[in-house]
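Asker: The following comprises the amino acid sequence and a computationally predicted model.
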Amino acid sequence: MSLIRAFPGLRPATGRAEEVAAPPYDVMSDLEAREMVEGRPWSFLHISRPEVDLPVSVDPYSPEVYSKAAENLAAMRSEGVLIQDSSDCYYVYRLTMGAHTQLGVVAAASVDAYDNGRIKRHELTRPAKEQDRVKQISALNAQTGPVFLVYPSDDRIDDLLSSAAEGDPAVDIAAADSVRHQIWVLSDKTRITALTLLFDELPALYVADGHHRSAAASRVAAERKSANPQHTGEEPYNYFLSVIFPHKQTRILDYNRIVRDLNGMSAPQFLQAVRDRFQVEAADQPIKPEQTGHFGMYLDGTWYQLVLADARIPSLDPVASLDVSLLANELLDPVLGITDQRTDSRIDFVGGIRGLKALEQRVDSGEWAVAFALYPTTMNALMAVADAGQIMPPKSTWFEPKLADGLVSHLL
């Protein structure tokens, strides 16, 4: 079984991509999704967030939501908004955000490789969210949300993708967030075979974003395999929709933290407790950390730079040496009493794309007491954690730019 393979994608008809393309289903609230689909009858959110077409009172996990998704997908196909390619293809995908560009490939990735650890993960999944994706895939008989994978950069793969991204793309749109999405269809059988073989030589792929989608695809594959006495391993359900980029081109932004209270301490008492563990220096401007072990802290209208001594950084442990772990182990837990970031309502997370100003605004509102700006997790650090078979703390990575939903889907 190949690590990846080409497939006949379901995608917007010529000239319809801008009408269809939507942000990933899980980056907006219900209210934001409903606002986004106003005046956009063919937005893919009608499929990825079908509750937008139902009363607000409807439970987003109710059966009628998944039925509505299937109904909307069928309508977009019958109206010719979405059309399936007639042959197996790869789809070369370029993302451009400002000066940053990354070039990868839309492919069907092997569930077997995922199950056996050759496609490596680094996060735990939540059962309810995973079950939601299982129901969505089953209702649609399709995978519509791509899993963001990373491959160890390989010049041969990079060069093949670059050569395929020449000439006019099939899709060239700018999303509402100013990210440019371009897609070239790679249908040449010789180059398809070459790309498949080059990926087969790789030691591993890594899940960057989409752990719930990949876990759900694995569960659906297991269910269908069990129910299919003629199972061969070649059925579409044995693969899952993915977009795969070289690790050197991906960009991880900081994933910052805000905390609701100071665990019963006054601000001076809290500052002293922090000084017991960090070198602390007040600053006259926002602090954006530029190396591991350095943090920005916003408290009572003032920014501080926190520096952790090198001796306190466990360099041989790929998880404990992450900045998200250092902050948790040296400050959030022992000082603020936050032992489980996954469940504690006293902490919230702010993606780096929102900037340090967002941290100031949240604290200045009075609803939150203190904010922390972190140095971003690196792609090499993520791969090291996955290679060690370990799990990152929650909210360790924020990838930008984001993929678009609806540009290529994988029918089962």
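Answerer: Received, thanks.

Asker: domains of the chain?
Answerer: The record assigns the chain these domain ranges, following automatic domain parsing: 4-251+400-411, 255-375.

Asker: Adding mean pLDDT, mean neighbour count and distance to Ile391, write those out as CSV.
Answerer: All C-beta atoms are positioned from the backbone trio N, CA, C, and that covers glycine. Formatted as CSV, the domains of the chain follow (pLDDT from 0 to 100; neighbours: other Cβ atoms under 10 Å; distance: least, Cβ to Cβ, whole Å):
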stretch, mean pLDDT, mean neighbour count, distance to Ile391
domain 4-251+400-411, 96, 18, 6
domain 255-375, 96, 17, 7
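
Asker: Need those in a markdown table (columns: distance to Ala384).
Answerer: Formatted as a markdown table, the domains of the chain follow (distance: least, Cβ to Cβ, whole Å):
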| stretch | distance to Ala384 |
| --- | --- |
| domain 4-251+400-411 | 9 |
| domain 255-375 | 4 |
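
Asker: and of the ones you listed, who's closest to Pro393?
Answerer: domain 255-375 (4.9 Å; Cβ to Cβ).

Asker: just the CA coordinates of the lengthiest strand in the chain, formatted as CSV?
Answerer: For the chain, the longest strand by residue count, based on DSSP state E, is strand 100-110. The C-alpha trace of strand 100-110 is given here as CSV (Å, rounded to 0.1, in the frame of the first residue of the first chain):
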residue,chain,number,x,y,z
HIS,A,100,5.5,33.7,3.1
THR,A,101,4.9,31.0,0.5
GLN,A,102,4.6,27.2,0.9
LEU,A,103,4.1,24.7,-1.9
GLY,A,104,2.6,21.2,-1.2
VAL,A,105,0.4,18.5,-2.6
VAL,A,106,-3.2,17.4,-2.0
ALA,A,107,-3.1,13.6,-1.8
ALA,A,108,-4.9,10.7,-0.3
ALA,A,109,-2.7,9.5,2.6
SER,A,110,-2.7,5.9,3.8
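
Asker: other SSEs contacting that strand?
Answerer: strand 4-5, strand 90-97, helix 155-164, strand 239-246 (3 or more Cβ pairs under 8 Å, 6 or more residues apart in numbering; DSSP states H and E).

Asker: Note down every partner strand of the second one and its orientation.
Answerer: Within its sheet, strand 90-97 is paired with strand 100-110 (antiparallel), strand 180-186 (antiparallel), according to DSSP bridges.

Asker: What lies in contact with that strand?
Answerer: With contact meaning Cβ atoms under 8 Å, 6 or more residues apart in numbering, strand 90-97 is reached by 6, 9, 11, 101-107, 161, 164-165, 169, 178-186, 192, 195, 243, 400-401, 403, 407-408.

Asker: Equivalent analysis for the first one, please.
Answerer: Around strand 4-5, the neighbours that count as contacts under Cβ under 8 Å, 6+ apart are 88, 105, 107-110, 196, 199, 239, 242, 244.

Asker: how about 10 Å then?
Answerer: Here strand 4-5 makes contact (Cβ atoms under 10 Å, 6 or more residues apart in numbering) with 88, 90, 105-110, 113, 119, 149, 151, 192, 195-196, 198-200, 202, 205, 234, 236, 238-239, 242, 244.

Asker: roughly how far is that strand from the heart of the chain?
Answerer: 20 Å (Cα atoms, centre = their mean, to the nearest Å).

Asker: Please name the strands paired to it in the sheet, noting orientation.
Answerer: Checking strand 4-5 against DSSP bridges gives partners strand 100-110 (antiparallel).

Asker: Name the next helix or strand downstream of the strand it pairs with, please.
Answerer: Downstream of strand 100-110, the first helix or strand assigned by DSSP states H and E is helix 111-115.

Asker: What is that next one packed up against?
Answerer: The contact analysis (3 or more Cβ pairs under 10 Å, 6 or more residues apart in numbering; DSSP states H and E) places helix 111-115 against strand 119-120, strand 205-209, helix 211-227, strand 239-246.
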